[in-house]
Each structure stands twice: as structure tokens, then as C-alpha cells.
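Visitor: From the sequence below, what's the structure:
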Amino acid sequence: MRLRLTSASPFARKVRVTAHELGIADRIELVPTVLRPADADFLAQNPLGRVPVLETADGEVYVDSHVICEWLDATFGGHRLLPQTGPDRWRALSLAAIAGGVVEAAMHVRRERARPEGQADAALVTHALGQVNRALDRLQHDIAAPALAGARGFDHAAIALACTVGWLIFRFDDKLAFEARPTLHRWWTGHVLPRPSMQATLPA
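Guide: Numbering: from 1, shown residues only. Below you'll find the predicted structure:
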């Protein structure tokens, strides 16, 4: 299998962490990919020009981290990280989507803050930071707190949150992720960061 990625993408990291948790990371060739300008082969695989993109051993191509992670878990993990059916499946997918939305909102913040002085859209930054903070509060409650209580494992939703937090720290600082969220911080430092799958996929 071949995985197209960029080294800092939290979405590609989610796929890599999933592969490590399933014990199949050594079966995936990592293909660093330039997004702009993108090459024709990459755009043929994903016309949106986004990573991650997974090419399977039989030539199938899958895009979007949720899709790729679910395919890996179904094919190699027996649905260990994401239930095949039932309410727990839909809860996990919903939480993973919220975690992905945090990254998208925070990207707006980065873009606006990178503009020349006086040209940033302050209202957009405030709106996006509100999205980030509300979502992290929810994810702390629904993922980190149950995990610390021993009621949730390192599943699909937890992996999504872990990669989101890692990206926030990499692109911003600890404060954005952890200010007023001690439970999320304890989960990150005690349950997430020491995992081999997280150490093997640090962004660069």
C-alpha cells in the first residue's frame, strides 16, 4: 500500500496512527507529496489535491482520512477501532468529525493571522476560535474524561482528537489546546503522547 501525505498533516497522521495501532504500519509506503503545484498523477487520484490518499495493493484509491481509517480498520482490524454498526459507531464518527472541524477552524485562524498587519478579519478569527474552544470542551468531556476513567479506549474518535491536539500544539502552542482544560491535558500527557503510535508519527 502507498500513502500520499505531507509530514505535518493531522489528517495523514490520523491514518498513520491507525496503521500503527493495527500493527500494519510496515505494510504502507509513505509517499511525501507536494500540494502546490500538485503533479498530474496525484490529481488523478484525488482531483481535490488533498492528502491523505491511500492506494491499496490491488490498485484501489481511497481519499479522506475518515474513509481510509475505516477501511484499514475493517480490512485489517476486524472493526476494533470503529464499530461496524450500532450507536457507538455513529457517536465515534460524530466525535471524529468534530475533531476534524477543529483543525479546519484553526486553519482559518492561522491564515488570518498571517495577513499583513491590519488586514486580518478579526470577526472571522473570533468566530473560528469560538468553534475551536467549544469543540475542544465537548471532546474533553466525551473522549478525554471517559478515557481517564477507564471507560474509553484509544479508538477512532480518540485517534482523531489526539492528532488534532498534536497539530494545535505544533502550529500554535499548548495554550490553545489546554487552557482551562486540565482533563484534556492529563489525557494527552498520560494516555496519548507516550503511545508508540504517536511517537512514531510526530509532525515535522
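
Visitor: Now do the domain split for this structure, please.
Guide: Split into domains by the TED database, the chain comes to 2-77, 87-195.

Visitor: Now the first one: average pLDDT?
Guide: Going back to what we said before, that points to domain 2-77. In this model, domain 2-77 has an average pLDDT of 98.

Visitor: try stretch 94-109
Guide: On average, stretch 94-109 scores 99.

Visitor: in it, what counts as buried?
Guide: 95-96, 98-100, 102-103, 105-106, 108-109 (16 or more other Cβ atoms under 10 Å). C-beta here means a position set from N, CA and C on the backbone, and glycine is covered the same way.

Visitor: need the longest helix for this structure.
Guide: helix 87-113 (DSSP state H).

Visitor: check which helix or strand covers A19.
Guide: helix 10-22 (DSSP states H and E).

Visitor: same question, T126
Guide: Assigned by DSSP H and E, T126 belongs to helix 122-139.

Visitor: How is the residue in the chain sticking out farthest from the centre assigned, secondary-structure-wise?
Guide: Distance from the C-alpha centroid of the chain peaks at G118, with 31.7 Å (Cα atoms, centre = their mean). Following DSSP: H, G, I helix; E, B strand; the rest coil, the label given to G118 is coil.

Visitor: that older thread, show me what counts as buried in the helix holding T126.
Guide: 125, 128, 131-133, 135-136, 139.

Visitor: can you check stretch 32-44 too?
Guide: Buried-residue list, stretch 32-44, by 16+ other Cβ under 10 Å: 33, 38, 42.

Visitor: same thing with stretch 153-165?
Guide: 154-165.

Visitor: Phi and psi next, for the closest residue in space to L35 that isn't next to it in sequence.
Guide: Nearest non-adjacent residue to L35, counting by Cβ to Cβ, 6 or more residues apart in numbering: G49, 6.0 Å away. Dihedral pair for G49: phi 70, psi 40, per degrees, to the nearest 10.

Visitor: Neighbours of G49, how many?
Guide: Close neighbours of G49, defined as other Cβ atoms under 10 Å, add up to 15.

Visitor: OK, contacts around it?
Guide: 35-36, 38, 42-43 (Cβ atoms under 8 Å, 6 or more residues apart in numbering).

Visitor: Which one of the residues you listed is nearest to S7?
Guide: L35 (11.8 Å; Cβ to Cβ).

Visitor: Tell me the secondary structure of the closest one, please.
Guide: Applying three-state DSSP: L35 is coil.

Visitor: My guess is it contacts L5. True?
Guide: No. Using Cβ atoms under 8 Å, L35 makes no contact with L5, being 10.3 Å away.

Visitor: Identify the contacts common to the two.
Guide: Contacts common to L35 and L5, judged by Cβ under 8 Å, 6+ apart, are V51.
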